[in-house]
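J.: using only what follows, build the 3D model:
(2 chains)
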Amino acid sequence: MPDMKTPLADKPESPSVASQPGLSPVEREFTVKEKSQWQQAARRFLRHRIAMVSLVLLLLLMLFAFVGPHFWQFRYDDVSGNDTSQAPSLKHPFGTDNLGTDSLATVMRGAQQSLKIAFSIALLAVIVGSIWGVVSGYFLGFVDSVLMRLADLLLTIPALALAGALAHNTSGSWWVIALVLGGLSTPYVARVVRGVVLSLREREFIEAARALGASNTRIMFRHLIPNCLAVVIVNATLLVAAGILGETALSFLGLGVRAPDTSLGLLVSGAQGAVDTRPWLFYFPGIFIILIALTVNFIGDGLRDALDPRQTRQRR
Amino acid sequence: MTSADTQGTTPVATVPGDTTPDVSVDKRGPRGAAGGQEPVLSVRHLVKHFPIRSKGLTRRKIGDVHAVCDVSFDIFPNETLCVVGESGCGKTTTGRLVLNLVPATAGEVIYRGQDLTKLSFRQMRPLRRDMQIVFQDPFASLDPRMTVNEIVAEPLRIHGMYGKNNVGRDTIRALLKQVGLNPEHGNRYSHEFSGGQRQRIGIARALALKPKLLVLDEPVSALDVSIQAGVINLLEDLQTELGLAFMFISHDLSVIRHIADRVVVMYLGKIVESADAEELFRRPSHPYTQSLMSAIPLPDPIKERERQRILLAGDVPSPVNPPSGCRFRTRCPKFANELNNHQREWCVNIEPPLEEKFTGHTAACHFAEVRTDILESGGGPTAAASPALVKWPTGVPTDEQIQVPPVCMPKSPPLMPQRLSDDVIVDAEGELVTQGEHG
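T.: Model prediction:
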């Protein structure tokens, strides 16, 4: 009878553990569901509260910028002449400017252009810069000298002047600005990545990979770049913010995106004189610039923590 | 000591000294070419010099670090060859040269009739399946961004052996189990493990390709003593199971005594003595080996107090500018205390060749002599020496014998003879000084 009792007593205590017949509780193997590296990283990211809030917010911002214009009754290039310089109301939630263009429509369009430019700059600079830096730092010697002197050369070029000149000649398309600003930000990323790689390449696990027969490409892309990720992501988030500001500066100088097209930078600079009289023209696009920069930075923080396996502490 | 090859050595421990030479002949038999067993890997006259460059723009070569100089040895299947020596004597560099991880300056590493030092990285890749390395530092040798599964899978992926349909995953689980890890922990990261567990991961990674030769670069020196034993036993079991050849690099003589079949003792980039482990630990004949042996702590405090210790004076000379002749002479107690100036001229002027001084026992010392009073058994009956095969040199070396370039630098100018007059003595720091000047 006492033999019968034991399993009965056990059951309510551990209902979730799949009981394997014939194994005592000690021998029973703990089974953990196998998760890939990316699944684990995704789980860590989902737990990062600020980053998740920021991600949702940024996605909403993107919806607002890219999908919103299709559902809004006014267009950003609509210069009807009616309802000029109106304060925010139900009909024009963000007010209107002196030409009667609806501010909500211009902010949507501006956010769209600014996001496109900023993300293109960051992506271009980070991808090209990482490869540039890792090749330079891994091979050293002649390759390194050539690549780094080229980086020095590019860094001496005033980015805004070049972007302005090029954009001016190509009628201010957003992708030209993105390409030039992104290209000229690449050396910054390359130099930072190279610095990290220089210390990483002397670590034993790189030699271990070589002893296994790993090719240079494999070492660079499977070992060196993942270990540079923290630096790369921080740089990427900074570049998104810098990209928006760079585009703003160009537009302010009249060399960036040009009317009738618009961008957040152009809107802010255009409304500078109206801060006191029609503040809605200045503050709404301004808030959007801040929102984009902030959310991107928080997402970057979250990504950095999620991709660092040593980070087990939960952030709130 | 579980490998088939070493079973022959087990009786040696109990056999009295007079029959030991016969046993060691038997033991050498199956390993030699006559016995038909080919070495897994042969190293011949390996030299590695690291250039020292000047600062500034030109980066002119201003000297060489003589890391490894004229090293030769064979590794046989199912055998543990231990390389022992103090820090900076070139043991790790030798291990990396064997795997062609650093390019050799001169010499050959022969594997299956191919000289590895001549192969490019790409040509080397298929051969890397057969030779793997376990690193010293289990904290640095695993990529911190990879899970254990990824780390162990990497060699399989590189060599296209990962396979599909969970074949690779099952291989990895089997490997983890083999080295005593729980396969369920495969998706953890290396930093979540203890040192011993990490070293096991490193061993699993090295075993993934089923190598024939494993270079173990001080695999246990970074671990706690209690964990060392576990890892060493694991290595021995794996050797029995898989028939691996080990090149075991270590500075820990107790570990070596436990695991070694043959031992190579290095000092300042050169092999000074090499013999079967039993033979070497019973009858060290090079003064350096003797001083190492006298440093092994004895568990018995009375014996420990009574036995004689050989203390070496001074530091290891700079490998940039190694001493002429015998590299050990600046610290050699024999050179300082026992030899006369005629004999010292041999040490100062001529590099002692590594030759078979006793049966199955090579030493690079002109005046090699078995000394057992420093050992635990302290000159008991087991210590009877086999007869010396090479006589000590007599007289002084001639100019022709001296005026040859150093072995590791055949292109450099020949050495100038250095003659020692009667008033030259060796001072406390091991320097040669003329008595008159000294006071």
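
J.: can we go C-alpha only for contacts and neighbour counts from here?
T.: Noted.

J.: got the buried residues for stretch B:100-114?
T.: For stretch B:100-114, burial by neighbour count (16 or more other Cα atoms under 10 Å in any protein chain shown) applies to B:Asn100, B:Leu101, B:Pro103, B:Ala104, B:Thr105, B:Ala106, B:Gly107, B:Glu108, B:Val109, B:Ile110, B:Tyr111.

J.: also stretch A:150-159?
T.: A:Ala151, A:Leu154, A:Ala159.

J.: all the strands of the stretch 151-300 of chain B, residue numbers only.
T.: Secondary structure of the stretch 151-300 of chain B (DSSP state E, counting those that start in this stretch): strands at B:213-217, B:245-250, B:262-267, B:270-276.

J.: quick one: which of the buried residues of stretch B:100-114 is nearest chain A?
T.: Taking Cα to the nearest Cα as the measure, chain A lies nearest B:Leu101 of those, at 6.7 Å.

J.: so that closest one, which state does it fall into?
T.: coil (DSSP: H, G, I helix; E, B strand; the rest coil).

J.: my guess is it meets A:Ala211, correct?
T.: Yes - using Cα atoms under 8 Å, B:Leu101 makes contact with A:Ala211 at a distance of 6.7 Å.

J.: give me the nearest residue to A:Ala214, chain neighbours excluded.
T.: Spatial nearest neighbour of A:Ala214, chain neighbours left out: B:Ile158 (6.0 Å); criterion: Cα to Cα, 6 or more residues apart in numbering or on different chains.

J.: give the contact list for that neighbour.
T.: For B:Ile158, the contact set (Cα atoms under 8 Å, 6 or more residues apart in numbering or on different chains) comprises A:Leu212, A:Gly213, A:Ala214.

J.: so of these, which ones are in helices?
T.: A:Leu212 (DSSP state H).

J.: so, low pLDDT: which residues of the chain?
T.: You didn't say which chain, so I picked chain A. Where chain A drops to pLDDT under 70, the residues are A:1-37, A:79-81, A:85, A:167-168, A:170-172, A:259, A:310-316.

J.: ah, I was thinking of chain B
T.: B:1-36, B:376-386, B:436-439.

J.: can you give the domain ranges for it?
T.: B:37-279, B:287-438 (automatic domain parsing).

J.: distance to A:Ser136 added to the ones you listed, as CSV?
T.: Putting the domains of chain B into CSV (distance: least, Cα to Cα, whole Å) gives the following:
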stretch, distance to A:Ser136
domain B:37-279, 19
domain B:287-438, 31
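
J.: which one, of these, ends up nearest to A:Phe94?
T.: domain B:37-279 (47.3 Å; Cα to Cα).

J.: hmm, back to that, quick one: closest of the strands of the stretch 151-300 of chain B to A:Gln113.
T.: strand B:213-217 (57.3 Å).

J.: now the angle from the closest one to strand B:245-250?
T.: 10 degrees (axes from the mean of the first three to the mean of the last three Cα atoms, to 10 degrees).

J.: and the contacts of strand B:213-217?
T.: Contacts of strand B:213-217 (Cα under 8 Å, 6+ apart): B:40, B:77, B:92, B:95, B:130-136, B:206, B:244-250.

J.: likewise stretch B:40-48?
T.: Under Cα under 8 Å, 6+ apart, the answer for stretch B:40-48 is B:66-77, B:98, B:103-112, B:212-213, B:245, B:408.

J.: likewise stretch B:52-67?
T.: In contact with stretch B:52-67 (Cα under 8 Å, 6+ apart) are residues B:47-51, B:88-90, B:93, B:268-269, B:319-322.

J.: tell me the two of the residues you listed that are most distant?
T.: B:Thr93 and B:Asn321 (17.9 Å).

J.: out of the two, which sits in the more crowded spot?
T.: B:Thr93 (19 against 11; other Cα atoms under 10 Å in any protein chain shown).

J.: wait, what's in contact with that one?
T.: B:Ala67, B:Val68, B:Val102.

J.: what is the nearest of those residues to B:Arg283?
T.: B:Val68 (25.6 Å).

J.: how close does that closest one get to A:Trp174?
T.: 61 Å (Cα to Cα, to the nearest Å).

J.: mean neighbour count for the strands of the stretch 151-300 of chain B - can I get that in CSV?
T.: Shown next, in CSV, are the strands of the stretch 151-300 of chain B (neighbours: other Cα atoms under 10 Å in any protein chain shown):
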stretch, mean neighbour count
strand B:213-217, 25
strand B:245-250, 26
strand B:262-267, 24
strand B:270-276, 26
